[in-house]
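S.K.: Got a predicted structure plus its sequence, pasted below:
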Amino acid sequence: MNNNKSKHTAKKFMSNYEKALENPLIKNFLEVKDNYELVKNTLNYPTPQKIKEVDEVFKNYFYNVKMLSYISKLIHFFSIDYDKTINKFQDRFLLILDQPINQDGESNLTTKDIIESPEYTSLDSIYGSSLLDYIQNHELHSALLLLTKKQLEILELIYYKNFQLTEIAEIKNTTPQNISNQHRRALRALRNTIVKKERNFL
Amino acid sequence: MKTIQNSELILSLFKGKIKKSLKNTPYQEREDLEQELVAKIIEKIQEVEFEEPQGFWDIVLKL
């Protein structure tokens, strides 16, 4: 009896405050399972202590959201400012090799550009010759290793060799649609792996 | 309050965003910018203070 009645309270609350639940902050807060259970429990069996606990947990959550959004903005604007400063500095104090050859400033050719390289070395011999050799990001690299061999091959042909879908289809003896599907699936798998990893942090 | 004060955790969360923000900068400057950014973030994490956030019930009842 008691249980029935209490279930009713939570439901009633949910429908009474539907608008509040649509608020992104509240919504995201309740999407975390522990928080949801806590709020539900408090609504069903309210005690001053539990009500206070919900407030505490929520304030904590709110604070973290603020912090993360602050840092995110900080990164964005700081990098822009930094870039501006660097550009200003470089315009004022040009290195000799970076100075344009004709003083009228019409041509972009700089002294640096006309220096001949002593010997030609192919970049391929310095770097590797597969897509994986070009990935700097560790997470992306390990995510790529989780793909099937076929998916990796297709990504390599698209992003490293710059082939068209039709060309790849010819090489693989299949249809462009099939290649496109596999490509999409590969990207989704990559995304899932990386997003899952990030989720685990929070 | 148990809040995110852990710089390492925050930096690891924002690793991707930091890398992305480097793309606008000439490549000679990227390492410098990355270092500056990380230093700035660590500095701000310790420094910044937000006003006391509203409680759950306050917000829900107001909406």
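M.R.: Good, I have the coordinates.
S.K.: average pLDDT across the helix or strand harbouring residue A:12?
M.R.: Applying DSSP states H and E as the criterion places residue A:12 in helix A:2-16. The pLDDT scores in helix A:2-16 average 63.
S.K.: ok, and for whichever helix or strand comes after that helix, which residues are buried?
M.R.: Once the chain leaves helix A:2-16, the next helix or strand it forms, by DSSP H and E, is helix A:18-22. By neighbour count on 16 or more other CB atoms under 10 Å in any protein chain shown, the buried set for helix A:18-22 is residue A:20. The way it works is simple: take the backbone N, C-alpha and C, and place the C-beta from them, glycine included.
S.K.: Contacts for helix A:18-22 next, please.
M.R.: A:14, A:26, A:27, A:30, B:59, B:60, B:61, B:63 (CB atoms under 8 Å, 6 or more residues apart in numbering or on different chains).
S.K.: Buried ones among those residues?
M.R.: Of the contacts of helix A:18-22, these count as buried by 16+ other CB under 10 Å: A:26, A:30, B:59, B:60.
S.K.: Between all of the residues you listed, which two are separated the most?
M.R.: A:30 and B:59 (12.0 Å; CB to CB).
S.K.: need the residues of chain B near chain A, please.
M.R.: Residues of chain B lying near chain A by CB under 8 Å from any CB of the partner chain: B:1-4, B:9-10, B:12-19, B:21-22, B:24-26, B:29, B:33, B:36-37, B:40-41, B:44-45, B:48, B:50, B:52-57, B:59-61, B:63.
S.K.: rerun at 7 Å
M.R.: Contacts of chain B with chain A, taken as CB under 7 Å from any CB of the partner chain, map to B:1-4, B:9-10, B:12-14, B:17-19, B:21, B:24-25, B:29, B:33, B:36-37, B:40-41, B:44, B:48, B:50, B:53, B:55-57, B:59-60, B:63.
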